[in-house]
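below are the sequence and a predicted model; questions follow.
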Amino acid sequence: MTDEENTLIPSPVLSPKDFDSGFDVRWCPGCGDYAILANLKRVLPTLGIPKENFVVVSGIGCSSRFPYYLDTYGMHTIHGRAPTIATGLKCSRPDLSVWVVTGDGDGLSIGGNHLMHAIRRNVDIKILLFNNQIYGLTKGQYSPTTKQSKRTKSSPTGSIDYPVNPISWALGAEATFIARTIFQYPDHMKEVLRRAAEHKGVSFVEIYQNCIIFNDGAFRYATDKEMRYDNIFELEHGKPMKFGRDQEKGIFLHGLTPKVINYKQAGFDETDLLHHNENAQESTLAFFLSRMRYPEFPEPIGIFRAIQKPTYNDLLDKQMEEAKKSVTKPLQDIINGEENWMVT
Amino acid sequence: MEEVQKLKKENKNRPYKSKQTLERVVIRLAGDSGDGMQLAGLKFTSASVMLGNDVSTFPDYPAEIRAPQGTLAGVSGFQIHFSSTEIYTPGDRLDTLVAMNPAALKVNIGDLKSNGILICDKDSFTPRTLAKAGYTSNPLEDDSLQNYRLFSVNITKFNKETVSKIEGMTGKQINLTRNFFALGLISWLYDRPLDTTIKWIKSKFKNRPNIVEANTNTLKAGYYFGETNEFLAIQYSVPKATMEPGLYRYISGTQALALGLATAAQLAKKELFFGAYPITPASDILHELVRLRGYGIKTFQAEDEIAAIGSIIGAAFGGSIGVTGTSGPGLALMSEALGLAVITELPIVLINVQRAGPSTGMPTKPEQSDLLQVLFGRNGESPLPVLAPQSPGDCFDLSIEAVRIAVKYMTPVVLLSDAYLANNIDPWKIPNLDDQSPIEVFHLTKSLESGNDRFTPYSRNEHLSRPYVLPGTKGLEHRIGGLEKEKITGDVSYDPLNHEEMVNLREQKISGIVKEFPLQEVYGPAEGDVLVLSWGSTHGAAHTASENLRNEGFSVANTNLRFINPLPSNLGDILGSFKRILIPEMNKGQLHLIIQARYSVRAKSLTKVQGKPFHVDEIEALIRKIIAGINHD
């Protein structure tokens, strides 16, 4: 390669504004989706990927309006099926950065099957699951993540469904990257989205999102300035798990269950606390963390798991290359078949 | 073997055998699904095509992978129609039936012509196997088969004598070669040479010399047995058919579809993305295509049919040729996504290999009962082109045509095959790829509008197709989706008149595809008493029935629809030129409904929903009745 060929043409510096599609955003005033849109617009320009190489695929629901508001390529598809379309697209065009935007209804109810298979295949797509624990677009029915006993339009005497735990579920499907963030944590979200984008393989990000109309306050414990310190803790690779206004509380491993102790009062040291390891090949720790739910425990946010495994699209391309290499005769010969005869 | 050798030595005294020439013959080899009847049938077919006969075959095998041995459910059959004249069907009634066990006899005897040749493996008719097949007495010994020319042959015994002394043959392996003894015997009966089969055996088992020896010896033993026995007195021959000169092979509808798709990828200079979920009888398309990956076919086995069609929509958006293959129940699951492809105007091809329904129905048996589902089985006004191949070879041509239409008109296209076409094996004149015209796919790379920097993804060309822009194209970023779009700009729109206009535009675009189709051809007189209007795979039986009557001097024409939506432009005129119209189809009259509604003509419907293709005589009988009615008027 000559030096000349090696010269990289610097791509134009992009800004969040470049990703503005110019469409009027039609979410309800105060919807948590606005914050997610704003943060994704902050992240996308920083990834070094040309704008035209992003494709956002969504299903149906409030969250699924997302592609219309980003000036990238996009497809607003049908309910629950975005992972299938994203899979086909990524396999056909591995050069693209393919994102799936889904919700708790779209992704975990009607589309649970597809989401699971896209995750287990480790297709190199980025899945953002906006979890507001309610059906918004159909006006307020309970969703697969709605807390039991919740009164909604379709459960006036309380939902009897046991909710699914999205992170535990994604771990069961062997996701190689799993994270959780919250719509009102802009810098945290930005960092999580950046890490999700940079992960090679499937990225699954659960984003707590407030539906101001049908489930307002579902995540108040995590967003309220007074409450958040006691109810949320940030996972950091290699770091001890501690939280509280003065970072005075820590997570201990008690048998196979977590235990919260004010370690400073109890005379423990940071080194005694449970430390996070997002690269652990076995998902035991990540699963353990995913089971920590409010109000019994503080809820971890950040990256639960980030491991490397060959992606589906790479493996597919490798097989394709091998198949192409093993071709010894033109297609005409294959069409002619092994047994043929001439009629004169 | 000794017995056969002995017979061979006595060749000098071998019985006098007369020779008789026939125009066409239909035979069926039937046995347990583990008896190798499909293989024996294929080898007989090979030998027949090498002799220059026209051939049409139909394999019929059980849905169960391992049906209990010796039961009626486990019977597998392979039917071969070979002829010195052109033929279009695997034949109705059998001239010869080979039954390897009582169950095979019971299932198939009803199709044997009166006085037809019946060859049974005498050794397999034991009290136990007879009971399994539900016989209370041995039909080979009672008078129940006196309408047929019955030949009870010790196939199992002779085969065992022939191969058991070969080194390394296990009991199971010995039994597995019985089919080749039977094949040898009927090869003598119909004067077929053994060399193509022997060549095949040698290459197939090249690392297992004992298996080569066993199969070859028993094949020859069967043949010599035919030659030397006392009771088969006549050897038949079927002379060469006059066929169009060229290089031929035989091909099933499934193979032709796969090769057609690979050809389409090559003609379009594109990768073809085949996403599918296994379903009988369409899975074989996936199996064939996986082997063609080296020719630019990327295959993806999805988690279900919804994911299968989703994946190809995504691949089509990315610029690959997106194709899926399924059958009725899978098609039902794909309906919603098919609608998405209609409204996003993305080019995909859906191959539906129809089988008997509703629901799971009879998965291995053919029917044409998904026509209305593909035409109307989606929410909203959702038109798309529908093509229906008429023969295995036509599956090749129409799969290419389907891709060509999809990318030119930016539309999903449905190809309606069926379980009969998929498995039917016919000789096929091999096309030369150099004669195929390329498939043009145009990807817009910069905005067409001058002075306007906003790209309009729903502007349309002269074919009413919207531009095909690939993600990665700088400056043309745009969004598509299932919501109704404003014409030209592609913005989401709830405007009432815009929606009506978009519905109309989509409809006009599909109607305009008619200019791609050849004019509908009529076989026989251009006007007259009866027109038989068939579609898809019903062509063979409808054409043969009509031709038989034309040969008798009746005013009968026939025409077969390969393009069902839009319908060929001259079809109305054709329908108006006949006193009566007969529409035979393997459903309860779905095309009949369309034709009567579209053309305000009265037509007679002939329906068959038995999971079996039409017999020629079934159609022929009704045409005769209709003619008698006209004459009576």
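Sure thing, it's come through.

ramachandran coordinates for A:Lys324?
phi -70, psi -40 (degrees, to the nearest 10).

count the neighbours of it for me.
Number of residues near A:Lys324 (other Cβ atoms under 10 Å in any protein chain shown) recorded here: 12. For every residue, glycine as well, the C-beta is placed using N, CA and C.

pretty sure it sits against B:Gly294.
Yes - between A:Lys324 and B:Gly294 there is a contact at 5.0 Å, judged by Cβ atoms under 8 Å.

mind listing the shared neighbours of the two?
Common neighbours of A:Lys324 and B:Gly294, using Cβ atoms under 8 Å, 6 or more residues apart in numbering or on different chains, do not exist here.

give me the three-state assignment for residue 261.
As the question left the chain open, I've gone with chain A. strand (DSSP: H, G, I helix; E, B strand; the rest coil).

should've been chain B
Strictly by three-state DSSP, B:Leu261 counts as helix.

what is the neighbour count of the residue nearest to it when sequence neighbours are not counted?
Distances taken as Cβ to Cβ, 6 or more residues apart in numbering or on different chains place B:Ser399 nearest to B:Leu261, at 5.3 Å, with adjacent residues excluded. B:Ser399 has 28 neighbours, counted by other Cβ under 10 Å.

what average pLDDT does whichever strand or helix holds B:Asn504 get?
Element membership of B:Asn504 [criterion: DSSP states H and E] is helix B:496-511. Per-residue pLDDT over helix B:496-511 has a mean of 98.

and the next element down the chain from it?
That would be, after helix B:496-511 and using DSSP H and E, strand B:528-535.

what about the residue nearest to B:Ala268 when sequence neighbours are not counted, distance to chain A?
Counting by Cβ to Cβ, 6+ apart, B:Ile439 is the residue found nearest to B:Ala268 once chain neighbours are left out, at 3.9 Å. Per Cβ to the nearest Cβ, to the nearest Å, B:Ile439 is found 14 Å from chain A.

chain center to stretch B:268-276: distance?
22 Å (Cα atoms, centre = their mean, to the nearest Å).

let me redo that: stretch A:228-238
19 Å.

can I get the CA coordinates of that stretch in CSV?
Extracted as CSV, the C-alpha positions of stretch A:228-238 are listed here (Å, rounded to 0.1, in the frame of the first residue of the first chain):
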residue,chain,number,x,y,z
ARG,A,228,-32.2,8.0,43.8
TYR,A,229,-29.1,7.7,46.0
ASP,A,230,-30.6,5.0,48.0
ASN,A,231,-32.3,3.1,45.2
ILE,A,232,-29.8,3.1,42.3
PHE,A,233,-26.1,2.2,42.1
GLU,A,234,-23.8,2.5,39.1
LEU,A,235,-21.9,-0.5,38.0
GLU,A,236,-18.3,0.1,37.1
HIS,A,237,-15.9,-2.6,35.9
GLY,A,238,-13.4,-3.6,38.6
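
residues making contact with that stretch?
With Cβ under 8 Å, 6+ apart as the test, stretch A:228-238 has contacts from A:182, A:188, A:221-222, A:241-245, A:249, A:251, A:275-279, A:289, A:294-295, A:298-304.
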